[in-house]
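[1] Here is the input, now give the coordinates:
(chains A and B)
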Amino acid sequence: MDLKGQSFSWCVGGAQGSGVDSAANLFARACAFGGFHVFGNREYYSNIIGEHSYFEVRISDEPVLGHTSSVDLLTTFDAETPFLHLDQISEGGALLYDASLVDVPLEKLPTIEPRAKQDLAKMFDEHGLPHTLDAIIQLARQRNISLHAIPYEDVLKADDALGQLPFSTLKRMVNTMSVAASFALIGYDFSYFHKALEAIFQSKPKVVEMNAKAAQLAFDYTKKEMGEPTLPQLKPLEVNEPRVYINGNQAVGLGKLAGGCSVQTYYPISPATDESTFLEQHQSFDVEQGDDGSILVLQTGDEIAAICSAIGAALTGARAATSTSSPGFSLMAEGLGWAGINETPVVVTLYQRGGPSTGLPTRSEQADTQFALNIGHGEFPRIVLASGDLEEAFYDAIRIFNYAEKYQTPAIHLLDKALANFGKTFSYFDLSKVEIERGALLKDSQLTAGADFNRFSFQENGISPRSVLGQPGGRTWYSGDEHLEDGHMSEDPINRDRMMEKRAQKLVVALEEIPTEDQYTLHGPSDAETTLVSYGSPKGALLEAIQRLNSSGHAVNYLQARLLSPFPAQAFTEILSKSKLKIGIEANFSGQFSQWVQQHTCVKMEHLVVKYNGRPITVDEVEAAVLNILSGNAPQKVVLRHGI
Amino acid sequence: MAFNVADYKTSVHNNWCPGCGDFGILNAIQMSLMDMQLDPERVTVFSGVGCSSKTPHYINTYGVHTLHGRVLPFATGGKLANPEMTVLAVGGDGDGLGIGAGHFVATGRLNLDITYIMFNNGVYGLTKGQASPTLHLGQQTKSLPNPNIIHEINPLILALSSGYTFIARGYAYDVAQLKALIRQGIEHPGLSFIDILQPCPTYNNINTRDWFGGADRKGEDGKAMPRVYKLDPNLYDPLISAETTDEEIHQKIAAFFAKATEWGDQIPSGVLLQNLTQSTYEERVIESLPKYKKNPPAKRQIESDNKPVLKINTILDELRVA
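    Coordinates of the predicted model:
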């Protein structure tokens, strides 16, 4: 059977360091090799080894937009995952577990959070069940979840060759075996598993060989023991285009390379660092013309230095960026103010994570949105561009350099942990869709060597022609103090007014020039009575939710903001005036973007749907919340609480 | 065309206090640039915030007056992106060793070809004379309500342990020596640190021009015996080169410590250390980006007819799954 527009959700969980990511990577790639569209959501603790992590992979024969709260197959090789994820298994779903672990007591699992442990103990007591994994198996049986026990170690030991290996070596292969067993359950062509295994471990033929053997044992064992299939049996699809499977950090990194970013600075911080690592891995690259392309990646002593070094580089004419997450962004406030008053095009890629303070270091939130819109003391223009999915993240990573250079101002690319770690299959990106626009950057030939130059010359549109450090004929000064046209310090009140007005004018021009399709998008029927208002990572969940809602007889559209600063207030006012019920949906406590809309349009959302537990908003959460609001029974503020 | 010293001066009104030590340092910088005949358009002077950080406005090169304490990260970004530029960083001791101490250390580890000139006067002048990181414990300069109860830092030793490969000390009123030190610093291939003793006539009434000059200690001939003295090249050799043996290096570091900790009636000046054995950051970058110098970030071609030049498919092929 094929999925015919339906999806299949698979989840693998386990202790960090035990190969959960590799397992998910294998599953996702094998599905992609077989022609499926893949979407991945990765969840993990701020921890190196031992805490619970999981990876949800959703596949379909059509592009997958987001992830759901439930999973059709929960694949495990530890004791903890079934305890935590049982409730998530869908009706008609399946659980794959290690048969040798059924007697493991709940109390012996130190990494289950105390609250979860208490809830589970209470539930077991209410059902008169033992406090062991067996209780979960019994509860699953009651829910008609199909159960597949595999004794990983026994299966390996029964093999003449692998059985001789030490336990520590065998243990490292159970993740691979769990994927192989999963493919047995969905009747998937096992050759794609081999293809994925080879692609991932291509430099380690020994690892490939051993894992392939262990996987075959798990696949055969499961085929033999599984009985009649209960899950969809997936047949590979034909693909007529090349595709990649990438995550958000990689999408942004690729965008930076395409956009001509030549200097990237960073200080290590989750979940931003993988982008800088990706760039460093690709620091030399092929280009169509001229010398080899390159990007210089500088690890600094802290985020203050990261922003300041990026600005220093930007002053020389290099396209320069820094990439960070919430606490690091806090340290960049003064640097951004300097770039603001000095009209310096510097790009900050901000992956928001759960705050405040260290907060939830590896979880997602959209709680730095007002901060990004207001960061820095004093008033200065900045571009804030929020991508909603990985494709936008790629193209926006290119466009934002254009905006930064054209309007000579700091530009913040607003993302979050969810987008950083979402994975998705894509057709190849098309660079003919984008241009590199460098704005009023002067060529040497436009300047006269030795002559004076006014970097901050007054212009009607606020945008002064720009020289760069070291350029003959462009000699000028920069100062964090208010300054004259030549950059020298000045406290003259008339000059001050003119400079403030000049800088502010640039955003007026930006809003006129940036194409509306890059400012916002109204998805769904334009005349719908209900409008969901959002930005950033909830996009996928919202798009699929409005499809579901509209196909079940409701009229709902979704206004997605991309350009938050300057804000297209007039367009928002017009669109929202046509809607009877406006619902702000975002991943933070207070509805920061809805407040921003209200501030600019005087339009207040009738309802807020918010989420702040650090886990990204799912498709079914949005659908259920909107239905609840439409039924008239919902409070003004609806809090989404799904998450493990 | 030869540049004369006027080519390095701007017409901006200088608002330092009369008699400020900063004037001597400013003159010395301008004179060393002229000595070296550096094209003013190929030089950028970065600064932090404070009295001395106004320096770039008075020098007719590119000038970047940054944030308090952040001069080195800005200068690092500029130099890395355009390595052809001569980069000077200037600022006070509060700027570099107080709020900017982390950057002082982190930048030392890079050994990038920048010359960092510290105007060291023991006080935060522009905010009216609070104790700075180099004011000694127990001292009470005139605007302090009580004696300083925070221990001083030794900039020279901090520079050594941070990895600066050229470490010198000058005195604001010995412009001839300063000029030579700054030139040596610029010519040194790695990161140079020049600690300049700079009397603040308004707020530091202890380490004054008279005090440095020894006006209070007259010799038998009735002449003042200056506290600041020049290191004798016959007695002190600061150079560590490829030929220096490990044993000699140990001796030189010991001698450096002895000189760096001298204070009070004997304050050494001159080059205290020049280490040519450390690779520069540029050299380390070139190991993985061989065309870095020829094709630095500031000069890279990123578009052709406004289209990106990246051959993206080469990278996408690595990530291909179907």
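[2] Around the residue lying closest to residue A:233 once chain neighbours are set aside, count how many other residues there are.
    Leaving aside its sequence neighbours, residue A:233 sits nearest to residue A:187 (Cβ to Cβ, 6 or more residues apart in numbering or on different chains; 3.5 Å). In this view, the C-beta of every residue, glycine as well, is placed from N, C-alpha and C. Residues lying near residue A:187 (other Cβ atoms under 10 Å in any protein chain shown) number 16.
[3] Likewise for residue A:361?
    That count, for residue A:361 with other Cβ under 10 Å as the rule, works out to 20.
[4] Then residue B:52?
    Using other Cβ under 10 Å: residue B:52 sits among 31 other residues.
[5] which one is it nearest to, not counting chain neighbours?
    residue B:119 (3.5 Å).
[6] For the stretch 201-322 of chain B, what lies in contact range of chain A?
    Residues of the stretch 201-322 of chain B found near chain A (Cβ under 8 Å from any Cβ of the partner chain) are B:285, B:288-289, B:291-292, B:294-304, B:306-317, B:319-322.
[7] Correct me if wrong: residue A:72 contacts residue A:9.
    Yes: in terms of Cβ atoms under 8 Å, residue A:72 counts as a neighbour of residue A:9; the distance is 5.0 Å.
[8] so what sits against both of these two?
    residue A:90 (Cβ atoms under 8 Å, 6 or more residues apart in numbering or on different chains).
[9] which ones are touching residue B:52?
    So residue B:52 contacts B:22, B:25, B:90, B:91, B:92, B:95, B:119, B:198 (Cβ under 8 Å, 6+ apart).
[10] how distant is stretch B:135-154 from the center of its chain?
    Its chain's C-alpha centre and that of stretch B:135-154 lie 24 Å apart, by Cα atoms, centre = their mean, to the nearest Å.
[11] Output it in PDB, but only the C-alpha positions, please.
    The C-alpha coordinates for stretch B:135-154 follow below in PDB (Å, rounded to 0.1, in the frame of the first residue of the first chain):
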ATOM      1  CA  LEU B 135      46.200  51.700  40.500                       C
ATOM      2  CA  HIS B 136      48.100  50.100  43.300                       C
ATOM      3  CA  LEU B 137      46.500  48.700  46.400                       C
ATOM      4  CA  GLY B 138      46.300  51.200  49.200                       C
ATOM      5  CA  GLN B 139      46.800  54.300  47.000                       C
ATOM      6  CA  GLN B 140      44.300  57.200  47.200                       C
ATOM      7  CA  THR B 141      44.200  59.400  44.200                       C
ATOM      8  CA  LYS B 142      42.500  62.700  44.700                       C
ATOM      9  CA  SER B 143      38.900  61.800  43.800                       C
ATOM     10  CA  LEU B 144      38.800  58.600  45.800                       C
ATOM     11  CA  PRO B 145      36.900  58.900  49.100                       C
ATOM     12  CA  ASN B 146      39.000  56.100  50.600                       C
ATOM     13  CA  PRO B 147      42.300  54.400  49.700                       C
ATOM     14  CA  ASN B 148      42.000  51.800  46.900                       C
ATOM     15  CA  ILE B 149      41.300  48.400  48.400                       C
ATOM     16  CA  ILE B 150      41.500  46.400  45.100                       C
ATOM     17  CA  HIS B 151      44.800  44.900  44.100                       C
ATOM     18  CA  GLU B 152      46.400  46.100  40.900                       C
ATOM     19  CA  ILE B 153      47.000  44.100  37.800                       C
ATOM     20  CA  ASN B 154      50.400  43.800  36.100                       C
END
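[12] now the helices for chain B?
    Applying DSSP state H to chain B gives helices spanning B:22-35, B:55-58, B:71-81, B:93, B:101-108, B:155-162, B:175-187, B:209-213, B:246-260, B:281-288, B:312-318.
[13] so of those helices, which one's packed in deepest?
    The highest average neighbour count among the helices of chain B, using mean count of other Cβ atoms under 10 Å in any protein chain shown, belongs to helix B:71-81 at a mean of 31.
[14] avg pLDDT for that helix?
    When pLDDT is averaged along helix B:71-81, the result is 98.
[15] can you state the direction angle for that helix and helix B:101-108?
    Angle between the axes of helix B:71-81 and helix B:101-108 is 30 degrees (criterion: axes from the mean of the first three to the mean of the last three Cα atoms, to 10 degrees).
[16] what's the spacing between residue A:615 and chain B?
    Noted for residue A:615: a distance of 26 Å to chain B, by Cβ to the nearest Cβ, to the nearest Å.
[17] ok, that residue touching residue A:644?
    Yes: under the criterion of Cβ under 8 Å, residue A:615 makes contact with residue A:644 at 7.3 Å.
[18] Those two - which one has more neighbours?
    Using other Cβ under 10 Å as the criterion, residue A:615 and residue A:644 rank with residue A:615 on top: 25 against 17.
[19] Confirm that one sits in a helix?
    No: counting by DSSP: H, G, I helix; E, B strand; the rest coil, residue A:615 is not part of a helix but coil.
[20] since we're on the closest residue to it other than its chain neighbours, how many residues are nearby?
    The shortest distance from residue A:615 to any residue other than its chain neighbours is 3.3 Å, reached at residue A:643 (Cβ to Cβ, 6+ apart). Using other Cβ under 10 Å, residue A:643 is surrounded by 15 other residues.
[21] what's near enough to touch residue A:643?
    Residue A:643 touches A:613, A:614, A:615, counting by Cβ under 8 Å, 6+ apart.
[22] Roughly how far does the last one sit from residue A:109?
    If you measure residue A:615 against residue A:109 using Cβ to Cβ, to the nearest Å, the figure is 21 Å.
[23] picking that back up, so what sits opposite the residue nearest to residue B:52 in the bridge?
    Taking DSSP bridges as the rule, residue B:119 bridges to residue B:92, residue B:196.
[24] and if you look at the one 5 residues further on?
    Listed beta-bridge partners, residue B:124: residue B:130 (assigned using DSSP bridges).
[25] That one reaches residue B:94, doesn't it?
    Yes: in this structure, residue B:124 is within contact of residue B:94 by Cβ under 8 Å, at 4.7 Å.
[26] Give me the more crowded residue out of these two.
    More crowded of residue B:124 and residue B:94, by other Cβ under 10 Å: residue B:94, with 30 against 23.
[27] What residues does residue 97 make contact with?
    No chain was given, so I picked chain A. Going by Cβ under 8 Å, 6+ apart, the list of residues near residue A:97 reads A:76, A:82, A:133, A:137, A:147, A:148, A:149, A:150.
[28] meant chain B actually
    Counted by Cβ under 8 Å, 6+ apart, residue B:97 has contacts B:104, B:118, B:132, B:133, B:134, B:153, B:155, B:158.
[29] Need these in CSV (columns: distance to chain A).
    Formatted as CSV, these follow (distance: Cβ to the nearest Cβ, whole Å):
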residue, distance to chain A
B:104, 10
B:118, 18
B:132, 20
B:133, 18
B:134, 21
B:153, 17
B:155, 18
B:158, 14
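[30] Assign the nearest residue to residue B:295 once chain neighbours are set aside to helix, strand or coil.
    Distances taken as Cβ to Cβ, 6+ apart place residue A:291 nearest to residue B:295, at 4.5 Å, with adjacent residues excluded. Three-state assignment for residue A:291 (three-state DSSP): coil.
[31] Just the buried positions in stretch A:452-466, please.
    For stretch A:452-466, burial by neighbour count (16 or more other Cβ atoms under 10 Å in any protein chain shown) applies to A:453, A:455, A:456, A:462, A:463, A:464, A:465, A:466.
[32] Same check on stretch A:437-456?
    Here stretch A:437-456 shows A:438, A:441, A:442, A:447, A:453, A:455, A:456 as buried, counting by 16+ other Cβ under 10 Å.
[33] Need the phi and psi values for the fifth one.
    Translated: residue A:453. phi -140, psi 140 (degrees, to the nearest 10).
[34] pLDDT score assigned to it?
    96.
[35] what's around the residue in the stretch 151-300 of chain A positioned nearest to chain B, how many residues?
    Using Cβ to the nearest Cβ, residue A:260 is the residue of the stretch 151-300 of chain A that sits closest to chain B, at 2.7 Å. Number of residues near residue A:260 (other Cβ under 10 Å) recorded here: 25.
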